[in-house]
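Peer 1: From the sequence below, what's the structure:
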Amino acid sequence: RMAGCSLVLFPFLLTTVSGNTAPFFNMTLVYVPEDLQLGQHAFQLTAIDIDGDPLTYGISGSDAFYFSVDAQTGNVTLRNSLDREHQAKLLITVQVFDGINEPVSKRLTIIVEDRNDNAPVFQNLPYETSIPENLTLDSIIYTVFANDSDTGNASKVSYSIEEVIPDSTKNRWLFYILPNGSVVLNGSLDYARNTFYQLKILAKDGGGLLHNVLTFQQSSTYLTLTILDLPNLDPRFLNEPYSGSVPENCALGTTVLTVTAMDRDTGVNDEISYSITNATIPFAINAMTGTITVSGHLDRERLPSEEVLLEVTAREKNLDIHGKVAQVSTLVAVMVTDVNDNKPEFYYCSLPNCNFSASPQNNFRGNIIEHSSSRLPVSNLSIVAHDPDKGINSSYELYLQGPDASAFTVSPAKIVGTGEVQLLVQDPSAVDYEISHVMVVQIIANDTGNPTDCCSTATVTIDLIDTNDHIPEFPQSTYNLSVMENSPDGTIIAPNITAYDPDSGVLGQITYQLLPESIRKIFMVNATTGAVLVQNGNLLDRETRSIYYANLQAKDGGNLVGTTVLEITVLDANDMAPIVTGSYFISVEEGQNVTTQIQAIDNDEPGNPNSELGFRILPGPYSNNFTINVTTGEMHSKGPLDREALEDERGQMVVTVEVYDHGVPQLSTLVNVTITVGDLNDNAPMFLNQSYEFSVFEDSPGSPVGEVQATDADRTEINSRISFLLQRGSGSSNFLIRSVRLGPGHYGGLLSVDPDMSLDYDTLEQKFFSLVVLAENTAADIVGDTANVSVVVHILDVNDEPPIILPTSLQDVHVSENGTQLGLVNTLVAFDPDTNHSLVFEELAVACFKGASSAGEVCRDWFVLMPNGSLLVNSSDIDYELCDRVMLTLRAEDLYTEKGNRYSQKKTLRILITDVNDNAPLFLPILETFVVVPEISPVDLQVATVKATDADSGLGGTITFSIVSVVLVEDNGVSRPFENLFKVLTTREQDIYVGSIQVASNLDGSLKGQYQVTVKAQDSEEPVHTAQTVLNIFAVDQSYRVRLQFVTTVDEVQSNSENIKV
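Peer 2: Below you'll find the model as predicted:
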């Protein structure tokens, strides 16, 4: 370059073709399994280069987020987890560069292969329904559905019922499930047996590979079935059997007892009415209360039996589900006890062939031979006295009245119930045919226990028979004989009783016979010897007749007859067991004492040990609760009776009393005394636990919460029935409670969330409710005692809220380039109001910018966002000069989300790349030839320029030029160094720094050759970077001329004339 002008020399313009071919990919599609582990081999990038150049690989695109590639080998590994169900196909751009040609790019499709990594998920939870108890067999109850987002067999879901609650052999087969998820009834339901069921349903997929192992995924849920009670059962009487007693002649309206029935459909509990179906009985029943009362006159003696059986029907108000009347009947035994309201009457008959329903008689007729011996009975007289009352009420006395009463006596003098009556001669002298042919007496039967209507009178007319005077004579007028009852036939009572007849010959021959003829059925006499024997011992029953009177007739040959009286006493044998009169059914309310007297008679001989009675209680479950007077039979309870102490459901105590005599052998009779202890509502309900604690998920209207249980010690169902209710208080309106009978006196309260209420865990100040459950029993219309228990219901959080990324963790992140800042650079923080959550972060997109312009995908692999929110530097290739701002789009995901959106809102994190002085200044190519003419080159003359750039910013990119050395290479080849010959001035033109080389001192014009000036460019920030270049400045004299030889055409020169400076 010459002063005042400049010369620029251009080299020849040459075009070179290398002949090198760019590499290419021969792949468009690859498959990657979704269960591939992080860091495992995904696929291989392979490009073909026919020149064999070393190749460098890369990947880019939004889906390249999932992979990392080894630039030298092309091995692609997994960097972030795949999920086919989220994204089944990925598109990335693959690049290959051979270092010579331009990089080659191609779109590559990645198919994510399905693996069985998803379990079936039940839809539309919770599963719960109500079904009537009469649902027919094979009815579809409910249909569940589970979805499996896998493909193939892994998406095919089969169902099974794993468990039925309550668990029993029958319940396990009560339901089955179809392949489509429909639950079918396989048996019959009964509300009385179970009010609800819970079915654990298992959904299982068809199996598939997961990590190269055949895997089956499954999940389970519960189906809750509530059984609706229907009126399909008849009512039931409580405390059967029913028995009571009432005295005859009692006032109308007298209460006998009360029957109680209940609807066995406890969930319906229909109203019950009562009726008596017997047509002609003197009792009535209150249709609403079941109380039986006397509705007509009661006469025990006119009843077919003293025990009246009432057929009582309990009927529900409404028809059952079949349109029929729901009813049940029971028998009520009412014992009509005797009252002494009848007097004895006389009947013309002989025992046992008497009809006491016929009218009694007042007039009788008999006959007797005059002057008959004392105690001889009147013949042909059949009189039976009868009092229809019972036991002691039927006892009465007999005596005689009338003008001839002194001549006779009546036997027996006292009768209980029924007996034969005889008239005996008392004064034979008064019985004289010559005085009177006919005698008349009145027999009076007097019931001393019935003073108002005590007596009956029988008038007896006695015809006297006239006799001869020459009769055989017995030594005694009366013989007192005795015989044991039930003696065998032929037993000798008296070996001989003979009469004396002074006649001789045939007239003195005596034959014997017994009179009257009826006595011969029982006794017989030897006609020759006069021995008296038993004819028929079966008829000897002291209890029927204790004394027999007979005439022993001695007839001589002239048919003259002499007689004597045989008084045959039947001796008592202990052959009659005691007879208990009446039945003993006693009803008493609990808390009271019981007193009763056992009444019994013994028909053996009075005053004899055979008829002396004793009483004792036989060992039994309740024998220790009572005492009995051994002599009188009066029985007492030892203390008040407690219904709850009885095991018997009906509240009955059966005590067996033995009534025995003192004869030999001892005979006895057993009688059961049945005491029915009525239940009082004297026990309050009692909870089984002092407190209860349950939990339920939020937002689950109608869901069951738990069960409280209480018992009531009262023994009847009506007194032990418990109903549950929630005490009004904070939060009680959110719940319902329903009572369920679990057993006698044992009830459960099923607590559930009100179907109209939805509890939100996140809006509740307290995450629990403190409730008070009341247990109340009711007897009739009287409210019984109550009990209460504390129930704490914890509300469980359902993961239904999306996460929120905290803004404070999204502030700008500054990262230095070149890997000078490795590892963790920021931690993202998210918040989830749900208590149970698992948050992970997900990178959605990465955008690279240099200044205001996009930098493409150069920063794609610089950073990695870990699931825990840690942002890590993933590359040492971060270059500020390529990209100074990275925009990371991300979101947070809650893996435990059960309902609603699992993702947070998308957020952007800005990462600012901090520049590091990592670039040395770069000299721009020198295209000029510099020439200096020493003679005309003053100091400060610019003789040459250099240009340099620095990619760094700030001081790191600020360049200062300096001259390192100056060497003159003379034409003869000799090199000479110089100092301070040239200087350099640094200026800046936009991003290019210019070094102006100026003459620093006068040049020696005698020196010709080439100055080699070494110029250094240095940046201004540590670590300092420098670069050097060598300028060739030719030193010529003024005679130096430049010859330009162009090797191009004129047109080309003209087109570049702007670049040629002269």
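Peer 1: And the helices in the stretch 51-200 of the chain?
Peer 2: 169-172 (DSSP state H, counting those that start in this stretch).
Peer 1: Contacts only, for Pro126.
Peer 2: Pro126 makes contact with Thr221, Tyr222, Thr224, Ser700, Ser703 under the criterion CB atoms under 8 Å, 6 or more residues apart in numbering. From N, CA and C alone the C-beta is placed, and that goes for glycine too.
Peer 1: Of those residues, which one scores lowest on pLDDT?
Peer 2: Among these, Ser700 has the lowest pLDDT, at 88.
Peer 1: Surely that one and Asp754 touch.
Peer 2: No. Using CB atoms under 8 Å as the test, Ser700 is too far from Asp754 to be in contact (10.9 Å).
Peer 1: Can you give me the separation between Val772 and Val164?
Peer 2: As for Val772, its distance to Val164 is 33 Å (criterion: CB to CB, to the nearest Å).
Peer 1: quick one, which of those two is more surrounded?
Peer 2: A direct count of neighbours by other CB atoms under 10 Å for Val772 and Val164 places Val164 higher, at 20 against 14.
Peer 1: count of neighbours near Leu189?
Peer 2: Counted with other CB under 10 Å, Leu189 comes out at 20.
Peer 1: Please disregard the earlier target; I meant Val506.
Peer 2: 9.
Peer 1: got the contact list for it?
Peer 2: Val506 neighbours (CB under 8 Å, 6+ apart): Gly557, Gly558.
Peer 1: Which phi and psi values does Asn526 adopt?
Peer 2: phi -70, psi 120 (degrees, to the nearest 10).
Peer 1: how close does it get to Asn496?
Peer 2: 8 Å.
Peer 1: ok so, going back, among the contacts of Pro126, name the ones in strands.
Peer 2: Under the assignment DSSP state E, those contribute Thr221, Tyr222, Thr224 to strands.
Peer 1: Which pLDDT value belongs to the nearest residue to the first one once chain neighbours are set aside?
Peer 2: Think Thr221. Excluding the flanking residues, the one nearest Thr221 by CB to CB, 6 or more residues apart in numbering is Phe122, at 4.6 Å. As predicted, Phe122 sits at a pLDDT of 95.
Peer 1: Kindly report the same for Ile1060.
Peer 2: If you check Ile1060, the pLDDT there is 54.
Peer 1: which residues of this structure fall in helices?
Peer 2: Using DSSP state H, the helices of the chain run over residues 169-172, 717-720, 1050-1055.
Peer 1: buried set for the second one?
Peer 2: Okay, so that is helix 717-720. Neighbour-count burial for helix 717-720 flags Glu717, Ile718, Asn719, Ser720 (criterion: 16 or more other CB atoms under 10 Å).
Peer 1: now the first one
Peer 2: Neighbour-count burial for helix 169-172, with 16+ other CB under 10 Å as criterion, is recorded at Asn171.
Peer 1: what's it in contact with?
Peer 2: Contacts of helix 169-172 (CB under 8 Å, 6+ apart): Val164, Gly187, Asn194, Tyr197.
Peer 1: ok, so what distance separates Asp98 from Ser243?
Peer 2: Here Asp98 is placed at a distance of 115 Å from Ser243 (CB to CB).
Peer 1: should've said Leu796
Peer 2: For Leu796 relative to Ser243 (CB to CB), the value is 57 Å.
Peer 1: What are the neighbouring residues in contact with the residue lying closest to Ile601 once chain neighbours are set aside?
Peer 2: Take Ile601 and drop its neighbours on the chain: the residue closest to it by CB to CB, 6+ apart is Ile579, 5.3 Å away. Neighbour list for Ile579: Ala600, Ile601, Asp602, Asn603, Thr669 [criterion: CB under 8 Å, 6+ apart].
Peer 1: so can I have CSV of the residues you listed showing pLDDT, distance to Gly253 and neighbour count?
Peer 2: Below are the contacts of Ile579 laid out as CSV (pLDDT from 0 to 100; distance: CB to CB, whole Å; neighbours: other CB atoms under 10 Å):
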residue, pLDDT, distance to Gly253, neighbour count
Ala600, 91, 33, 21
Ile601, 90, 34, 19
Asp602, 86, 39, 24
Asn603, 83, 39, 19
Thr669, 93, 36, 16
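Peer 1: returning to that earlier point: which stretch in the helices of the chain is the model least sure about?
Peer 2: helix 1050-1055 (a mean of 64).
Peer 1: who touches Gln95 in this structure?
Peer 2: So Gln95 contacts Tyr57, Gly58, Ile59, Ser60, Pro103, Val104, Ser105 (CB under 8 Å, 6+ apart).
Peer 1: Which pLDDT does the model give it?
Peer 2: 95.
Peer 1: repeat for Ser382
Peer 2: Ser382 is assigned a predicted lDDT (pLDDT) of 90.
Peer 1: Mean pLDDT per helix and strand in the chain: which one sits at the bottom?
Peer 2: Least confident helix or strand of the chain, by mean pLDDT, DSSP states H and E, is helix 1050-1055 with a mean of 64.
Peer 1: TSV for the contacts of Gln95, including distance to Ala1035, pLDDT and neighbour count?
Peer 2: Shown next, in TSV, are the contacts of Gln95 (distance: CB to CB, whole Å; pLDDT from 0 to 100; neighbours: other CB atoms under 10 Å):
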residue	distance to Ala1035	pLDDT	neighbour count
Tyr57	54	95	23
Gly58	52	95	19
Ile59	57	95	23
Ser60	55	94	17
Pro103	47	93	14
Val104	51	93	17
Ser105	53	93	16
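Peer 1: could you redo those as TSV and give each row distance to Leu38?
Peer 2: TSV is the format used below for the contacts of Gln95 (distance: CB to CB, whole Å):
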residue	distance to Leu38
Tyr57	20
Gly58	20
Ile59	17
Ser60	20
Pro103	28
Val104	29
Ser105	26
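Peer 1: Which one of those is nearest to Val112?
Peer 2: Ile59 (16.0 Å; CB to CB).
Peer 1: From Gln535, how far off is the closest one?
Peer 2: 138 Å.
Peer 1: give the contact list for the closest residue to Ile50 other than its chain neighbours.
Peer 2: Leaving out its chain neighbours, the residue that sits closest to Ile50 by CB to CB, 6+ apart is Thr21, at 5.5 Å. Thr21 is in contact with Asp49, Ile50, Asp51, Asn101, counting by CB under 8 Å, 6+ apart.
Peer 1: Please enumerate the strands of the stretch 601-750 of the chain.
Peer 2: Under the criterion DSSP state E, counting those that start in this stretch, strands of the stretch 601-750 of the chain are mapped to 613-617, 626-628, 634-637, 652-661, 668-678, 686-687, 691-697, 704-711, 722-726, 735-743, 746-753.
Peer 1: What helices and strands are in contact with the third one?
Peer 2: Secondary-structure packing of strand 634-637 (3 or more CB pairs under 8 Å, 6 or more residues apart in numbering; DSSP states H and E): strand 595-597, strand 626-628.
Peer 1: so where is this structure shaky, pLDDT-wise?
Peer 2: 1-19, 279, 466-470, 503-504, 507, 778-784, 1038-1062 (pLDDT under 70).
Peer 1: ok, 50 please
Peer 2: 1-18, 469, 780, 1041-1046, 1061-1062 (pLDDT under 50).
Peer 1: Just the endpoints, please. Distance across stretch 528-535?
Peer 2: Using CA to CA, to the nearest Å, one end of stretch 528-535 lies 16 Å from the other.
Peer 1: ok, residues contacting it?
Peer 2: Applying CB under 8 Å, 6+ apart, the external contacts of stretch 528-535 come out as 481, 483, 487-499, 511-512, 514, 520-526, 540, 552, 554, 566, 568.
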